[in-house]
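[1] give me a model of this one.
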Amino acid sequence: MCLAGAVDESRRDRFEAVAPGLVDPLRRFLARRTDAATADDVLAETLLVCWRRVAELPDDPLPWAYGVARNCLRNAERSARRQERVAARLAAEPADPGPPDDLALHEALAQLRPDDAELLRLWAWEQLTPAEIAVVLDITANAASIRLHRAREKLKDRLRKTADASGHEGSREGRKP
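    Numbers count the residues shown, from 1 in each chain. So this is what the prediction gives:
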């Protein structure tokens, strides 16, 4: 236990020695590249990365910290773009479930396993390819394709059952009376 305390003390000492020299240059670096609120958030994220990786800090940590700040800023910008796209999409969508067909779809999705429903939402609503879905779900592209195929079949089956239960007639083509 004493050794762990000494390691934590050493980490803290190293960070406390380095951090004051990083804060102002990083704040100026970020202020020239983004708005004040984002700069503050990115500065905090950058210092957190420096704390987590204090053992990896080079003797001259400022250029390394600039690289970390640059990456954190890119992450923040990507996040902001995603939020803007979601907000625009939500603003464009009607608030109610929509026509009865949409209601049946929502009900059928609710009857699926949550993993299958999410897979279908990523494919249909977010318009992701199986390879992109694989990245989101941290699976192989082949597994995503197989799961997507199975989920689509399950959804078709649920929709067919919903239509049959509601009294809709299916196609009788090729059937004998």
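
[2] show me the contacts for Phe15.
    50-51, 54 (C-beta atoms under 8 Å, 6 or more residues apart in numbering). Every C-beta, even on glycine, is put in place using the N, C-alpha and C of the backbone.

[3] and Arg147, by the same measure?
    Counted by C-beta under 8 Å, 6+ apart, Arg147 has contacts 115-116, 119, 139.

[4] any idea which helix or strand carries it?
    Assessed by DSSP states H and E, Arg147 sits inside helix 141-165.

[5] pLDDT (mean, whole number) over that helix?
    For helix 141-165, mean pLDDT is 87.

[6] what's the answer for stretch 30-43, then?
    96.

[7] pull out the buried positions in it.
    30, 34, 38-39, 41-43 (16 or more other C-beta atoms under 10 Å).

[8] hang on, the earlier thing: in CSV, list the contacts of Arg147 along with neighbour count.
    Converted to CSV, the contacts of Arg147 look like this (neighbours: other C-beta atoms under 10 Å):
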residue, neighbour count
Asp115, 11
Asp116, 20
Leu119, 25
Ile139, 15
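
[9] identify the farthest-apart pair in those residues.
    The most widely separated members of these, counting by C-beta to C-beta, are Asp116 and Ile139 (13.4 Å).

[10] can you list the domains in the protein?
    Listed by automatic domain parsing, the domain ranges of the chain are 2-92, 100-165.

[11] mean pLDDT lowest for which of those?
    domain 100-165 - the lowest mean pLDDT of those, at a mean of 86.

[12] looking at the protein, which helix is longest?
    helix 61-92 (DSSP state H).

[13] ok, now how distant is the residue nearest the centre of the chain from Asp115?
    The centre of the chain sits closest to Val136, judged by C-alpha atoms, centre = their mean, with a distance of 7.1 Å. The spacing between Val136 and Asp115, counted by C-beta to C-beta, to the nearest Å, is 12 Å.

[14] try Ala87
    27 Å.

[15] swap in Leu30?
    Counting by C-beta to C-beta, the gap from Leu30 to Asp115 is 39 Å.

[16] Glu77 too?
    31 Å.

[17] same deal with Ala124?
    When Ala124 is compared with Asp115 (using C-beta to C-beta), they lie 15 Å apart.
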